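Undergrad: My questions are about this predicted structure, shown below with the sequence.
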Amino acid sequence: MHKTITSLQNPLIKQVALLQEKSRERRKTGLFVIEGQREISLAIKGGYLLKTLLFCSEIISEEEIFVLKESANSETEFIEISSEIYEKLAYRSSTEGIIAVANSKTLTLKNLLPTTRHQPPTTHNPLPTTHYPLILIAEAPEKPGNIGALLRTADAANVDAVIIANPKTDMYNPNIIRSSVGCLFTNKVATGSTSEIISFLKETNINIYCAALQASVPYHTCDFKGSTAIVVGTEAIGLSEEWLQNSTQNIIIPMQGEIDSMNVSVAAGILIFEAKRQRSAP
């Protein structure tokens, strides 16, 4: 039998609402909220531990709950909630009647090591090879929607890591999880200051390619086959001087219209997939 909650005044329900609304509460407790079956499944796949799973049996079937029970960690508590509570907590009516409370991870740069890995010889590839990392970095993105779009781009390209420099919001903001469609959990993600990240890149011998107007060359003329970090800034401000001073090469996407900038996630997608194209070329 499941525990059931029907009151909006229940302390757990109040805490879930706080976790959704307040980054301070997320930082204090080390917990955050995930909404939707796909997002929750990706979080489990990404190694996140679910503390509590709230479900509305009027929306989600017993079979679907059983599948989640099989994949979730054994300590996860499953609690049935009323449709009134679900409607109060859910941001979207299309999230299949399920909300989870999960333990957050510490998204530090050291968790990205090792960034390079040696591939041993195999029958199909008799020569050992070295994997050269491809990393996407965004400095101070303000809109959760843009961060979510960057994470989706990174997932699509299967980059080695996404790093957010000088973040303006915590990565477990519900709007980031929602706009990334759960790709927060499918990417290796880290945050840090610009200075910390530049030091990390230099220590690990990763080339820095900054999307900037100054002293730039067209992006497609650069060689991204080696260890590469592609760095993008905001549309309004661009990258800070510290990035430009430490850049291996500034790169630009030639514009043929009247404006000289585009959405950061669109620009990142163009640059990342050029790197992927080069790496797949014979």
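TA: Good, I have the coordinates. Residues are numbered from 1 along each chain as shown.

Undergrad: And the helices in the stretch 51-200 of the chain?
TA: Remark: helices assigned in the stretch 51-200 of the chain by DSSP state H, counting those that start in this stretch are 62-71, 83-89, 144-157, 174-179, 194-203.

Undergrad: Looking at these, spot the one closest to Thr106.
TA: helix 194-203 (14.0 Å; CB to CB). To be clear about C-beta, it is placed using only N, CA and C from the backbone, and glycine gets the same treatment.

Undergrad: Identify each buried residue in that closest one, please.
TA: 194, 196-198, 200-201 (16 or more other CB atoms under 10 Å).

Undergrad: Compute the mean per-residue pLDDT across the next helix or strand along the chain from it, please.
TA: Moving toward the C-terminus from helix 194-203, the next helix or strand (DSSP states H and E) is strand 207-211. For strand 207-211, mean pLDDT is 98.

Undergrad: What lies in contact with the helix or strand following strand 207-211?
TA: Proceeding N to C from strand 207-211, the next assigned helix or strand is strand 216-218, under DSSP H and E. The contact list for strand 216-218 (CB atoms under 8 Å, 6 or more residues apart in numbering) reads 249-254.

Undergrad: With stretch 141-152 instead?
TA: 136, 138, 162, 164, 167-169, 171, 173, 175-181, 183-184, 187, 189, 234, 263-265, 268.

Undergrad: returning to what we had before: with distance to Phe273 and mean pLDDT as added columns, please give the helices of the stretch 51-200 of the chain in JSON lines.
TA: Formatted as JSON lines, these follow (distance: least, CB to CB, whole Å; pLDDT from 0 to 100):
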{"stretch": "helix 62-71", "distance to Phe273": "32", "mean pLDDT": "92"}
{"stretch": "helix 83-89", "distance to Phe273": "37", "mean pLDDT": "93"}
{"stretch": "helix 144-157", "distance to Phe273": "6", "mean pLDDT": "97"}
{"stretch": "helix 174-179", "distance to Phe273": "20", "mean pLDDT": "95"}
{"stretch": "helix 194-203", "distance to Phe273": "21", "mean pLDDT": "97"}
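
Undergrad: picking that back up, please list only the buried members of the contacts of stretch 141-152.
TA: Among these, the ones that count as buried (16+ other CB under 10 Å) are 136, 138, 162, 164, 167, 171, 173, 176-181, 183-184, 187, 189, 234, 264-265, 268.

Undergrad: Enumerate the positions of stretch 207-223 that are buried.
TA: Result for stretch 207-223 [16+ other CB under 10 Å]: buried residues 207-212, 216, 219, 222.

Undergrad: just curious, which of the contacts of strand 216-218 is nearest to Glu39?
TA: Using CB to CB, those come closest to Glu39 at Ile253, 31.3 Å.

Undergrad: what's the neighbour count on Lys51?
TA: 16 (other CB atoms under 10 Å).

Undergrad: Then the one 3 residues further on?
TA: In terms of burial, Leu54 registers 24 neighbours under the definition other CB under 10 Å.
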